[in-house]
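Chemist: Give me the fold of what follows.
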Amino acid sequence: MHHSIEVSDLSYAYPDGHQALRGVTLGIQPCEKVALVGPNGAGKSTLILHLNGILAGQGSVRVCGVEARKENFSRLRAMVGLVFQSPEDQLFSPTVYDDVAYGPLYQGLPPDEVRLRVDEALAAVRMSDYTGRVSHHLSMGEKKRIAIATVLSMKPEVLVLDEPTAGLDPRSRRSLINLLDELPLTMLVSTHDMLMVRELFPRMVIMDEGRVVADGPTAELMNDIALLETHGLERP
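Modeler: Numbering: from 1, shown residues only. Next up, the predicted model:
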């Protein structure tokens, strides 16, 4: 069976020489939900940006069997729904509808199909009433949901989120966690929110200094206080 995400011996150095990834190997099964945790600078965001070709390092990256190579980038970007930490990086159109329609329009889909995709994506994040709203007037929690809808409208196979609960008040955080729990997609989520990890993700991958230092059942790793402390993490 194909892994949804298959990363093998991936290394990456930024142009300034900083070595951000050092031989990362990781496999994620279809419909598996995995948390990616570790201190700032561990390489989590750098790893995520390799999954749809924004960055390209040494080693191999495959998503649903498709190799992350230049000629495949447009396919990869349709398959991997990447939701950035700041929704402002994803919301730039006059209305919510235009933001969510952007991907399907860019793919060249006919207007009826675009409308259907927008309706489905907004329904999935429970924001159907917001089509005519202006994205930058929304609350942070609402913006995060719309940002997720902008990738769901592309019908991705894999959803990758960077710090989804950052900046949310308790109620918005709770509703976002419920939403992620319901979505039937392969999911890799980089986060410092260890309470969410414990509640939502059966498997946890710990990164530090560009390496995967632990990978296993969340419940087991959460009980290893020494491991967590060594890598700048706190048990919730």
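
Chemist: from here on, contacts and neighbour counts on C-alpha atoms
Modeler: Fine.

Chemist: Can you list the neighbours in contact with the least confident helix or strand in the chain by mean pLDDT?
Modeler: Lowest mean confidence among the helices and strands of the chain (mean pLDDT, DSSP states H and E): helix 73-79, at a mean of 86. Identification of contacts with helix 73-79 by C-alpha atoms under 8 Å, 6 or more residues apart in numbering yields 51-53, 63, 66, 68, 154-158.

Chemist: chain center to that helix, what's the gap?
Modeler: Counting by C-alpha atoms, centre = their mean, to the nearest Å, helix 73-79 is centred 14 Å from the centre of its parent chain.

Chemist: list the buried ones in it?
Modeler: Using 16 or more other C-alpha atoms under 10 Å as the test for burial, helix 73-79 gives 73, 76-79.

Chemist: Rebuild those residues as TSV, extending it with distance to Asp89.
Modeler: Below are those laid out as TSV (distance: C-alpha to C-alpha, whole Å):
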residue	distance to Asp89
Phe73	19
Leu76	19
Arg77	16
Ala78	17
Met79	19
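
Chemist: of those, closest to Asn223?
Modeler: Using C-alpha to C-alpha, Met79 is the member of the buried residues of helix 73-79 that lies nearest Asn223, at 34.6 Å.

Chemist: re earlier: which strands or helices does whichever helix or strand comes after the least confident helix or strand of the chain pack on?
Modeler: Using DSSP states H and E, the helix or strand that follows helix 73-79 towards the C-terminus is strand 80-83. Here strand 80-83 touches helix 140-152, strand 158-162, going by 3 or more C-alpha pairs under 8 Å, 6 or more residues apart in numbering; DSSP states H and E.

Chemist: Now do the contacts for Ser135.
Modeler: 91-96, 143, 146.

Chemist: nope, Val7 is what I meant
Modeler: 24-27, 59-62.

Chemist: ok, Val80 touching Asn52?
Modeler: Yes: using C-alpha atoms under 8 Å, Val80 makes contact with Asn52 at a distance of 6.2 Å.

Chemist: Which residue lies closest in space to Leu47, excluding its sequence neighbours?
Modeler: Using C-alpha to C-alpha, 6 or more residues apart in numbering and skipping the chain neighbours, the partner closest in space to Leu47 is Leu21 (7.3 Å).

Chemist: The strand or helix carrying that neighbour - what's its average pLDDT?
Modeler: Using DSSP H and E, the element containing Leu21 is strand 19-28. Average pLDDT, strand 19-28: 96.

Chemist: which residues touch it?
Modeler: The contact list for strand 19-28 (C-alpha under 8 Å, 6+ apart) reads 3-14, 34, 41-43, 46-47, 59, 186, 209-212.

Chemist: What is the subsequent helix or strand relative to it?
Modeler: Per DSSP H and E, the helix or strand that comes after strand 19-28 is strand 33-37.

Chemist: Against which helices or strands is whatever helix or strand comes next after that following strand packed?
Modeler: Past strand 33-37, further along toward the C-terminus, the next helix or strand under DSSP H and E is helix 44-50. Packing partners of helix 44-50 (3+ C-alpha pairs under 8 Å, 6+ apart): strand 19-28, strand 158-162.
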